[in-house]
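In: Next comes the sequence, and after it the predicted model I'd like to discuss.
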Amino acid sequence: MKVSLAFVEQRVNVWLRFGKPVREIILDRWRRVAMFEPGAVCCRVKWIGNDYGTALWQLMVLQAPMPFDGAQRVAGVLPGARILLRADGERQVKAVLEVIDAVEASEIDPCAVAVTYWHTVANRLATRQPLPEYTAERHAAHLARGALQ
């Protein structure tokens, strides 16, 4: 999976909040591409501004598709990705960023968090319910399920 990233001061900022690209290609001083292995999880944040202020806030937690798996089309992501979570608007994006900060504060790599947790956060955002906490116990259960498979 290739994720396009960009930065133009006061206009466009598309960056990775977390993720471990296997390779990064610098196209020019404003653009670069991060490449991920199949199954890898990353978080891309997009901010676009104009003369009047912020025009767009968007955050997506994406999983690189496995070969021959279906993938959803996402602008700037080739060939596509599984969208685990999508947050639109400043309020939702900042809420998810706080969740990611809490996961990192508990010394858990956000890339290793259970896929179902990101789905749960997305569902809670959609219904405007409190976002769930990702605890060490929940992570241990996720790791144990993975060991059984």
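Out: Received it, and whenever you're ready, just let me know what you need.

In: Next one: the residue nearest to the spatial centre of the chain from A81, what distance?
Out: For the chain, the residue nearest the mean C-alpha position is C43 (1.9 Å; CA atoms, centre = their mean). Distance, C43 to A81, by CB to CB, to the nearest Å: 11 Å. C-betas here are computed from N, CA, C, even on glycine.

In: Identify the contacts common to these two.
Out: 60, 62 (CB atoms under 8 Å, 6 or more residues apart in numbering).

In: So, low pLDDT: which residues of this structure?
Out: 147-149 (pLDDT under 70).

In: hmm, 80 instead?
Out: 53, 146-149 (pLDDT under 80).

In: what packs against the longest helix along it?
Out: If you go by DSSP state H, the chain has its longest helix at helix 90-105. Under the contact criterion of 3 or more CB pairs under 8 Å, 6 or more residues apart in numbering; DSSP states H and E, helix 90-105 touches strand 12-18, strand 41-50, strand 53-63, strand 77-88, helix 115-126.

In: Return the set of buried residues in the helix or strand that the last one is followed by.
Out: Going back to what we said before, that points to helix 115-126. Per DSSP states H and E, helix 115-126 leads on to helix 136-148 as the next helix or strand towards the C-terminus. Neighbour-count burial for helix 136-148, counted by 16 or more other CB atoms under 10 Å, picks out 138-139, 142.

In: Not counting sequence-adjacent ones, nearest residue to V8?
Out: W30 (5.5 Å; CB to CB, 6 or more residues apart in numbering).

In: Neighbours of the one you found, how many?
Out: When neighbours are defined as other CB atoms under 10 Å, W30 has 13 of them.

In: Phi, psi for it please.
Out: Backbone geometry at W30, expressed as degrees, to the nearest 10, gives phi -110, psi -20.

In: What of the one 10 residues further on?
Out: As for A40, its main-chain torsions (degrees, to the nearest 10) stand at phi -70, psi 150.
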